[in-house]
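# predicted model, plus sequence, below.
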Amino acid sequence: MMQQLVDAITRNIEHTGELYDQILAIERGKQRAIVASDIHALTQIVAREEDLVNAATELEAERNLLRTRFAEADPRLGPDSRLEHIIAIIDGPPRDRLAERREHLLALAAQINEVNRLNFQLLRSSLDLVRGILHDVLGGSPIPTTYTPPGQHESPDFHAATRVDHVL
């Protein structure tokens with residue numbers, strides 16, 4: 001039973017790493033589209049990004065289920081055990097492989113965060129430029145506040161919403 005769980009969590013982490021590689025590539029493509037002001041490319045990228053985020057959500061749900069099963073199979077683990085705790089109870093080469101995959105995921109997550117941070121800054125700079133132009137064109141009129149479709153004021157700090165933090 002334990003070996004099946006180790007195999008399942010290893011596959012999950014490997015698939016998550018492949019997905020994070022795709023997300024990182026998409027975010028870098030988004031960066032190029034932002035710099036080029038290519039709205040068509042941005043629209044396509046956002047659609048693809050949504051698919052990847054949905055897939056990441058599914059993998060995370062699977063990983064949470066596997067963590068629960070590990071906790072049920074080994075009394076050393078609690079229901080809130082993280083992947084690092086699971087790795088600590090595994091013996092032999094599977095432990096090393098899983099630890100390596102976890103480190104790779106953490107590195108990818110850090111890269112994605114950095115690219116997202118830069119993308120946010122690029123978008124904010126573009127928006128500031130457009131607002132400045134509108135301000136000049138409208139003759140000093142106040143710049144309208146940006147609202148979401150439901151009419152709620154958008155938060156000026158999207159950095160928190162773009163963080164890629166997972167329970168690893």
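Received, thanks.
# for the longest helix seen in the chain, packing partners?
Looking across the chain with DSSP state H, the single longest helix is helix 93-137. Applying 3 or more C-beta pairs under 8 Å, 6 or more residues apart in numbering; DSSP states H and E, we find helix 93-137 packed against helix 2-36, helix 83-89. C-beta: built from backbone N, CA, C; applies to glycine.
# how many residues are close by the residue lying closest to Leu123 once chain neighbours are set aside?
Counting by C-beta to C-beta, 6 or more residues apart in numbering, Leu123 lies nearest to Ile34, which is 6.1 Å off, once chain neighbours are set aside. Number of residues near Ile34 (other C-beta atoms under 10 Å) recorded here: 21.
# how far away is the nearest residue to Met1 once chain neighbours are set aside from Leu42?
Spatially, and ignoring its direct neighbours in sequence, Met1 is nearest to Ala73 (6.0 Å; C-beta to C-beta, 6+ apart). According to C-beta to C-beta, to the nearest Å, Ala73 stands 46 Å off from Leu42.
# is Pro79 part of a helix or strand, or is it coil?
Under DSSP: H, G, I helix; E, B strand; the rest coil, Pro79 falls in the coil class.
# coming back round to it: now distance to Leu59 and mean pLDDT too, for the helices and strands packed on helix 93-137, in TSV please.
Shown next, in TSV, are those (distance: least, C-beta to C-beta, whole Å; pLDDT from 0 to 100):
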stretch	distance to Leu59	mean pLDDT
helix 2-36	5	94
helix 83-89	13	92
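# would you mind giving the ones you listed as JSON lines with distance to Thr68 added?
Formatted as JSON lines, the helices and strands packed on helix 93-137 follow (distance: least, C-beta to C-beta, whole Å):
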{"stretch": "helix 2-36", "distance to Thr68": "10"}
{"stretch": "helix 83-89", "distance to Thr68": "11"}
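# nothing else from me, thank you.
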